[in-house]
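1. Sharing a model that was predicted from the sequence below.
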Amino acid sequence: YFRYPKYWRLILSVLAPLVEKKLASLPSGVSVRVKLPDGTVIGNAQAPVLLHAKSTRTLKNLANGDIGLLGDDYVQGRLEFEGSVRDLMAVATAMLPSSPVTAARQSNLVAMISRLISVWRHSVERDAKHIEFHYDLSDDFYALWLDPHRAYSCAYYRETNLSLKAAQEAKFDHICSKLRLNVGERFLDIGAGWGGLLIWATEHYGADATGITLSRNQHAYVSQLIEDKGLSHRCRIQLVDYRHIGSAEPFDKIASVGMFEHVGSANLTLYFDNVRQLLKPGGLILNHGITAGGVDNPQLGHGMGDFIEKYIFPGGELLHIGHVMTHMAQGGLEALDVENLRPHYARTLWAWSDALEARLDEAKSILNNEVGQRALRAYRLYLAGCAVGFEHGWMSLYQIVGQHNPRSGRPDELDYPTDLAYPWRRDYMYKN
């Protein structure tokens, strides 16, 4: 600006009308003010949201409705906003030029290239670095907005008025009930996080529970939690990749919650095959994870997927539920029950977002360096943006119950044989 003021003013004179046109195209009930780099304010004076664009790059992104790039502008300090994050998300959604699902559809050639990239990205070493990048940000930061169990996955709102803590506990019960988890059974929690489900299965269902994680922070936290609760004789956490876990005998039941999104599409069949080998014949696996809303888009368009890749989940890949089921079958597991919990995750994410917004000053104190402040900005957009994404069906969340099917041709599967865990009737899942 200071070196080339005439050039800058020319660019501004071109972009400002384009932004005004974009604001005028917003649907009824959605309005926003925009403060230009020269201090001029355009848009509805009564709008609940003010965007302060500090660069012409940001104005271009506003005019194009490139929401992911605007997110990057905010993280990097080229854009500021005043107003609630919920109102901001309403504006962002209205600015999209098209569905982020259709905008990210891949051709066959691009899909093939993406698969090759996926193979390269998901070595054991790279996956460990990806997990550390996200989950080892700061335990104290996550504790601000997660529930007391620190469950960092979709809750289950069995009743509409449940608190976040109660909904997460309902999710634990929902998983354990679907698995028919019993006293003394060997239970494996893949991607155990901060140990919420692992501890719940041990204390409330009497399981002999093993959890695995790639996060050093989580491993240290859960190890101490297990010791403090006096559960070391039947509960443990290991710092190990799912591809390297060893077991003297197979597990009766396995849960994988919010983990397979990190596996990569190229490794998904291998992932399910590894799970099958860890599971005893007739045993059950519950896979709980995020899926793509579209059939042919591994991430969201309009820069939204790139934003998540850069700031939140490097290496994360989403597949449509149809593709997930294919990989599961190719891995040797028989799907028994599939449940879509998409709106449950939208409500969970809004609960997290509201909790973080209510404690922003504390979050700023915890993440008190330049990198931390950028991370906080990214998380504000990520939590609220993903809530909107699940509300619109751009992403989804499925629980899939599968079994290691011995395929013996036996005629007594409906007669509750003791060596087969699944009863072939769904009512058991909803009994207290």
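-> Right, received. Where do you want to start?
2. hey, what's the residue positioned nearest the centre of the chain bridged with?
-> Nearest to the mean C-alpha position of the chain, counting by Cα atoms, centre = their mean, stands residue 290 at 6.2 Å. With DSSP bridges as the criterion, residue 290 is bridged to residue 397.
3. Next, the contact list for it, please.
-> Listed by Cβ atoms under 8 Å, 6 or more residues apart in numbering, the contact set of residue 290 reads 258, 261, 318, 345, 395-397. C-betas here are computed from N, CA, C, even on glycine.
4. between those residues, which is nearest residue 367?
-> residue 258 (22.2 Å; Cβ to Cβ).
5. isn't that closest one right next to residue 191, touching?
-> Yes - assessed by Cβ atoms under 8 Å, residue 258 is found in contact with residue 191 at 6.2 Å.
6. circling back to that earlier point, what is the lowest-pLDDT residue among the contacts of residue 290?
-> The member of the contacts of residue 290 with the lowest pLDDT is residue 318, and it reads 82.
7. Name the helix or strand for that residue, please.
-> In this assignment (DSSP states H and E), residue 318 forms part of neither any helix nor any strand.
8. how about the strands in the stretch 101-250 of the chain?
-> In the stretch 101-250 of the chain, the segments counted as strands under DSSP state E, counting those that start in this stretch are 186-190, 208-213, 235-239.
9. Residue 258 and residue 191: which is more packed in?
-> Applying other Cβ atoms under 10 Å to residue 258 and residue 191 shows that residue 191 carries more neighbours, namely 27 against 17.
10. How much space separates the more buried one from residue 368?
-> 29 Å (Cβ to Cβ, to the nearest Å).
11. again with residue 386
-> With distances defined as Cβ to Cβ, the gap from residue 386 to residue 368 amounts to 25 Å.
12. Same question for residue 200.
-> Taken as Cβ to Cβ, the span from residue 200 to residue 368 is 33 Å.
13. From the neighbour counts alone, determine which of these two ranks first.
-> Residue environment comparison for residue 200 versus residue 368 gives the larger neighbour count to residue 200, 23 against 10, counting by other Cβ under 10 Å.
14. Surely that one touches residue 171?
-> No - with contacts defined as Cβ under 8 Å, residue 200 does not count as touching residue 171, sitting 9.4 Å away.
15. quick revisit: take the strands of the stretch 101-250 of the chain and write them to a markdown table, including distance to residue 78, mean neighbour count and mean pLDDT.
-> Compiled in a markdown table, the strands of the stretch 101-250 of the chain are given as follows (distance: least, Cβ to Cβ, whole Å; neighbours: other Cβ atoms under 10 Å; pLDDT from 0 to 100):
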| stretch | distance to residue 78 | mean neighbour count | mean pLDDT |
| --- | --- | --- | --- |
| strand 186-190 | 39 | 25 | 97 |
| strand 208-213 | 36 | 24 | 96 |
| strand 235-239 | 39 | 20 | 96 |
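16. wait, which of the ones you listed is closest to residue 283?
-> Of all the strands of the stretch 101-250 of the chain, strand 186-190 sits nearest to residue 283, with 9.0 Å by Cβ to Cβ.
17. Tell me the strands beside that closest one, with direction?
-> Strand 186-190 sits in its sheet next to strand 208-213 (parallel), strand 251-257 (parallel), going by DSSP bridges.
18. tell me which helix or strand of the protein sits lowest on mean pLDDT?
-> None of the helices or strands of the chain scores lower by mean pLDDT, DSSP states H and E than helix 108-121, at a mean of 40.
19. shaky segments in the stretch 251-400 of the chain?
-> Confidence mapping of the stretch 251-400 of the chain against pLDDT under 70 gives the ranges 297-305, 307, 312-316.
20. Please enumerate the helices of it.
-> All helices of the stretch 251-400 of the chain, identified by DSSP state H, counting those that start in this stretch, fall at 268-278, 304-311, 321-330, 342-358, 360-366, 370-391.
21. Give the ranges of residues in the stretch 51-200 of the chain that sit below the confidence cut-off.
-> Under the criterion pLDDT under 70, the flagged ranges of the stretch 51-200 of the chain are 100-136.
22. what ranges do the helices span in it?
-> Listed from the start of the chain, the stretch 51-200 of the chain has helices (DSSP H, counting those that start in this stretch) covering 56-64, 67-75, 85-95, 108-121, 124-135, 139-145, 164-178, 196-205.
23. what sits up against the longest one?
-> Outside helix 164-178, the residues within contact range by Cβ under 8 Å, 6+ apart are 147-149, 151, 153-158, 162, 196-197, 200-201, 204-205, 255, 257, 284, 286, 288, 337, 344, 347-348, 351-352, 355, 399, 401, 428-431.
24. Could you turn the buried ones of the residues you listed into a PyMOL selection?
-> The buried subset of those, as determined by 16 or more other Cβ atoms under 10 Å, is captured in PyMOL by this line:
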select buried, resi 147+149+151+153+154+155+156+157+162+196+197+200+201+205+255+257+284+286+288+344+347+348+351+352+399+401
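25. circling back: please name whichever of the helices of the stretch 51-200 of the chain is nearest to residue 276.
-> With Cβ to Cβ as the criterion, residue 276 lies closest to helix 164-178 of the helices of the stretch 51-200 of the chain, at 17.9 Å.
26. The closest one relative to strand 251-257, how many degrees between them?
-> Counting by axes from the mean of the first three to the mean of the last three Cα atoms, to 10 degrees, helix 164-178 lies at 140 degrees to strand 251-257.
27. Helix 164-178 to helix 342-358, inter-axis angle?
-> An angle of 150 degrees separates the directions of helix 164-178 and helix 342-358 when computed by the same axes, to 10 degrees.
28. got the buried residues for helix 164-178?
-> Those buried within helix 164-178 under the rule 16+ other Cβ under 10 Å are 164, 166-178.
29. Now render those residues as CSV, adding distance to residue 86.
-> Formatted as CSV, the buried residues of helix 164-178 follow (distance: Cβ to Cβ, whole Å):
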residue, distance to residue 86
164, 17
166, 23
167, 19
168, 22
169, 26
170, 25
171, 24
172, 28
173, 30
174, 28
175, 30
176, 34
177, 33
178, 33
